[in-house]
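# Okay, predicted coordinates and the sequence, questions at the end:
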Amino acid sequence: MFIATRSVELSLCQTTDSCHTRQVVVGLVSFHVIFAKGRALFSLLAQADVVAGDFPGIDGFLGTRGSLMLDVVFLAMFVIVPVMGVSIYLVKYRRRYQLHKQIQLALAIVLLVAVTAFEIDMQWMTKWELRAVPSVYFNLERKWSCPVGISLIVHLLFAVPTAFLWIFVIVQAMRKFPNPIGPNEYSRQHVFWARLAAFEMLMTAITGWVFYTLAFVA
């Protein structure tokens, strides 16, 4: 760095009498070099901390870089999706309307608690970006254009509508079906929206698993 700035200084001395201009240019060159080296050093130190496992938040239990709630939600979807399938089977082929209702309400409560805890973890406790830094599919400087970022965007495109769809389907079913529950004139509409919600939930789970694997396993 000293040699580079000194060379610039000597060159300016030969071509101009302006000492002020010389000092400004030399200062800018020095600042640029120092800033570049400092940024590179900071990046290396940050990566060293991340590789060492110094992550904010509570570490998970699956042996990956995921936080506690990331691991909980990751596993929870392996339970929620099959149970949702069983619930659909019971109402479609066994006409177990009341049991279907109870399972769906239980799933909604479980999802509400899990998502609430997950959002608290993500917003105030865990920085998922730092946990994803060691992944070969993540680039902090291209957060939303690297594979991890793209997979998260795709996941959110399913997850956000799914939340509103499930609320809509459950509220409408509670309002328009009789008690005790049974088929009526609203059944056809319910089937349409429920199938759409089930598909969205399945895609939310699949895209969530892909994001988790790319970010915290790879």
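Arrived safely.
# how about the most centrally placed residue in the chain, what does it touch?
Geometric centre of the chain, nearest residue: L152, 5.0 Å, by C-alpha atoms, centre = their mean. For L152, the contact set (C-beta atoms under 8 Å, 6 or more residues apart in numbering) comprises 211, 215. Placement of C-beta: from N, CA and C, glycine included.
# now it: how far from P180?
43 Å (C-beta to C-beta, to the nearest Å).
# L157 too?
38 Å.
# F168 now?
F168 sits 23 Å away from P180, going by C-beta to C-beta.
# The two: who's more crowded?
A direct count of neighbours by other C-beta atoms under 10 Å for F168 and P180 places F168 higher, at 13 against 8.
# So which bits of the helix or strand where the more buried one lies are buried?
F168 belongs to helix 147-176 when assigned by DSSP states H and E. Across helix 147-176, burial judged by 16 or more other C-beta atoms under 10 Å covers 147-149, 151-152, 154-155, 158-159, 162-163, 165-166, 169-170, 173.
# neighbours around R95, how many?
Residues near R95, counting by other C-beta under 10 Å: 12.
# Secondary structure of it: a strand, I assume?
No: secondary structure of R95 (DSSP: H, G, I helix; E, B strand; the rest coil): coil, not part of a strand.
# start the count at 21, not 1, going forward
Understood, numbering begins at 21; the last thing we discussed is R115.
# Next, it: phi, psi?
Per-residue torsions, R115: phi 60, psi 40 (degrees, to the nearest 10).
# so what's it scoring on pLDDT?
What the model reports for R115 is a pLDDT of 93.
# in this structure, what secondary structure element scores lowest on mean pLDDT?
Every helix and strand of the chain was ranked by mean pLDDT, DSSP states H and E. The lowest is helix 39-71, at a mean of 43.
# List just the nearest of the buried residues of helix 167-196 to L125.
For the buried residues of helix 167-196, the minimum distance to L125 (C-beta to C-beta) is 7.2 Å, reached by I190.
# ok, the residue nearest to Y206 when sequence neighbours are not counted to Y109 distance?
If you skip the residues right next to it in sequence, Y206 has K196 as its closest partner in space, 4.1 Å away by C-beta to C-beta, 6 or more residues apart in numbering. If you measure K196 against Y109 using C-beta to C-beta, the figure is 23 Å.
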